[in-house]
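1. Pasting the sequence and the predicted model now:
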Amino acid sequence: MVLPLTVKNELRTVLLVSSHIKEVPNEKGSVRHKFDDFLEEEGLRADAEAVAIKTVIASQIEKEMKRATLSKSAIAERMRTSRSALDRLLDPVNLSVTLQTLERAALALGKNLKIKLA
(Lines give C-alpha, C1' and ligand atoms only; values in the text may rest on other atoms or scores of the structure.)
Protein backbone atom coordinates (compact mmCIF):
# COMPACT_ATOMS: atom_id res chain seq x y z
CA MET A 1 0.00 0.00 0.00
CA VAL A 2 1.35 3.44 -0.90
CA LEU A 3 0.08 6.20 1.35
CA PRO A 4 -0.64 9.76 0.16
CA LEU A 5 2.06 12.29 1.08
CA THR A 6 -0.12 14.05 3.66
CA VAL A 7 -0.80 10.76 5.46
CA LYS A 8 2.91 9.90 5.29
CA ASN A 9 3.80 13.20 6.93
CA GLU A 10 1.14 12.75 9.62
CA LEU A 11 2.36 9.24 10.38
CA ARG A 12 5.96 10.45 10.54
CA THR A 13 4.88 13.04 13.12
CA VAL A 14 2.84 10.49 15.06
CA LEU A 15 5.77 8.08 15.15
CA LEU A 16 8.21 10.78 16.23
CA VAL A 17 6.08 11.81 19.19
CA SER A 18 4.88 8.31 20.07
CA SER A 19 8.13 7.45 21.79
CA HIS A 20 7.70 10.44 24.09
CA ILE A 21 3.98 10.24 24.85
CA LYS A 22 2.80 7.40 27.05
CA GLU A 23 -0.64 8.71 28.00
CA VAL A 24 -2.92 11.54 26.89
CA PRO A 25 -5.84 13.03 28.84
CA ASN A 26 -9.37 12.77 27.48
CA GLU A 27 -11.64 15.81 26.97
CA LYS A 28 -12.57 15.93 30.68
CA GLY A 29 -9.05 15.30 31.86
CA SER A 30 -10.19 12.63 34.31
CA VAL A 31 -9.32 9.47 32.39
CA ARG A 32 -5.96 8.85 30.77
CA HIS A 33 -5.54 6.73 27.65
CA LYS A 34 -2.46 5.02 26.32
CA PHE A 35 -1.06 6.35 23.09
CA ASP A 36 -2.06 3.12 21.32
CA ASP A 37 -5.65 3.80 22.32
CA PHE A 38 -5.38 7.28 20.83
CA LEU A 39 -4.08 5.86 17.54
CA GLU A 40 -6.87 3.28 17.56
CA GLU A 41 -9.52 5.96 18.14
CA GLU A 42 -8.12 8.04 15.29
CA GLY A 43 -7.98 5.02 12.98
CA LEU A 44 -4.20 5.34 12.62
CA ARG A 45 -2.88 2.42 14.66
CA ALA A 46 -2.50 -0.14 11.86
CA ASP A 47 -0.82 2.38 9.54
CA ALA A 48 1.44 3.70 12.30
CA GLU A 49 2.51 0.18 13.23
CA ALA A 50 3.13 -0.70 9.59
CA VAL A 51 5.33 2.39 9.17
CA ALA A 52 7.17 1.54 12.40
CA ILE A 53 7.83 -2.03 11.23
CA LYS A 54 8.94 -0.84 7.78
CA THR A 55 11.25 1.70 9.44
CA VAL A 56 12.93 -1.06 11.44
CA ILE A 57 13.27 -3.32 8.41
CA ALA A 58 14.72 -0.55 6.26
CA SER A 59 17.14 0.35 9.04
CA GLN A 60 18.26 -3.27 9.40
CA ILE A 61 18.86 -3.59 5.67
CA GLU A 62 20.87 -0.35 5.57
CA LYS A 63 22.89 -1.45 8.61
CA GLU A 64 23.76 -4.76 6.94
CA MET A 65 24.64 -2.97 3.71
CA LYS A 66 27.09 -0.75 5.59
CA ARG A 67 28.52 -3.70 7.49
CA ALA A 68 29.15 -5.52 4.20
CA THR A 69 30.32 -2.26 2.55
CA LEU A 70 27.86 -2.75 -0.29
CA SER A 71 26.44 0.13 -2.30
CA LYS A 72 22.80 0.43 -3.23
CA SER A 73 23.71 -0.45 -6.81
CA ALA A 74 25.53 -3.59 -5.69
CA ILE A 75 22.63 -4.77 -3.52
CA ALA A 76 20.12 -4.00 -6.27
CA GLU A 77 22.20 -6.07 -8.67
CA ARG A 78 22.38 -8.98 -6.21
CA MET A 79 18.61 -8.74 -5.72
CA ARG A 80 18.13 -8.67 -9.50
CA THR A 81 16.12 -5.49 -9.23
CA SER A 82 16.50 -1.81 -9.99
CA ARG A 83 18.07 0.83 -7.79
CA SER A 84 14.71 2.64 -7.64
CA ALA A 85 13.04 -0.56 -6.37
CA LEU A 86 15.69 -0.76 -3.64
CA ASP A 87 15.05 2.90 -2.78
CA ARG A 88 11.35 2.07 -2.32
CA LEU A 89 12.32 -0.84 -0.06
CA LEU A 90 14.49 1.48 2.04
CA ASP A 91 11.81 4.21 2.24
CA PRO A 92 10.19 3.75 5.68
CA VAL A 93 6.82 5.15 4.66
CA ASN A 94 6.49 3.29 1.37
CA LEU A 95 4.56 0.24 2.53
CA SER A 96 4.36 -1.44 -0.88
CA VAL A 97 6.89 -4.15 -0.11
CA THR A 98 6.41 -7.84 -0.85
CA LEU A 99 7.71 -10.86 0.98
CA GLN A 100 9.58 -11.79 -2.17
CA THR A 101 11.41 -8.44 -2.15
CA LEU A 102 12.27 -8.81 1.54
CA GLU A 103 13.54 -12.34 0.91
CA ARG A 104 15.69 -11.16 -2.01
CA ALA A 105 17.18 -8.40 0.15
CA ALA A 106 17.93 -10.86 2.96
CA LEU A 107 19.60 -13.33 0.59
CA ALA A 108 21.59 -10.55 -1.10
CA LEU A 109 22.97 -9.69 2.33
CA GLY A 110 23.65 -13.31 3.26
CA LYS A 111 20.85 -13.32 5.82
CA ASN A 112 17.61 -15.21 6.38
CA LEU A 113 14.21 -13.56 6.54
CA LYS A 114 12.21 -14.43 9.65
CA ILE A 115 8.66 -13.20 10.19
CA LYS A 116 6.50 -14.04 13.17
CA LEU A 117 3.25 -12.95 14.73
CA ALA A 118 3.50 -11.76 18.30
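-> Arrived safely, thanks for sending.
2. how near is the residue nearest the centre of the chain to residue 36?
-> Centroid-nearest residue in the chain, with Cα atoms, centre = their mean: residue 54, separated by 1.8 Å. Residue 54 sits 18 Å away from residue 36, taking Cβ to Cβ, to the nearest Å as the criterion. For glycine as for every other residue, the C-beta is placed from the backbone atoms N, C-alpha and C.
3. now residue 112
-> The gap separating residue 112 from residue 36 is 30 Å, by Cβ to Cβ.
4. more neighbours, those two?
-> Remark: of residue 112 and residue 36, residue 36 carries more neighbours, 13 against 8, as counted by other Cβ atoms under 10 Å.
5. which residues of this structure fall in helices?
-> Using DSSP state H, the helices of the chain run over residues 5-18, 35-42, 45-67, 72-79, 83-90, 99-108.
6. how many other residues sit next to the spatially closest residue to residue 92 that is not a sequence neighbour?
-> Sequence neighbours aside, residue 55 is the residue nearest to residue 92 in space, at 3.9 Å (criterion: Cβ to Cβ, 6 or more residues apart in numbering). Residue 55: 15 surrounding residues under other Cβ under 10 Å.
7. again, but for residue 89
-> Using other Cβ under 10 Å, residue 89 has 24 other residues around it.
8. got the contact list for it?
-> Listed by Cβ atoms under 8 Å, 6 or more residues apart in numbering, the contact set of residue 89 reads 58, 61, 97, 101, 102, 105.
9. quick revisit: isn't the residue nearest to residue 92 up against residue 91?
-> No - under the criterion of Cβ atoms under 8 Å, residue 55 is not in contact with residue 91, lying 9.7 Å apart.
10. Could you tell me the end-to-end distance of stretch 76-90?
-> 11 Å (Cα to Cα, to the nearest Å).
11. do the same with stretch 66-85
-> Length of stretch 66-85, first residue to last, Cα to Cα: 18 Å.
12. what mean pLDDT would you report for it?
-> The pLDDT scores in stretch 66-85 average 96.
13. Low-confidence bits of the protein, can you list those?
-> Residues of the chain that meet the criterion pLDDT under 70 lie in 1-33.
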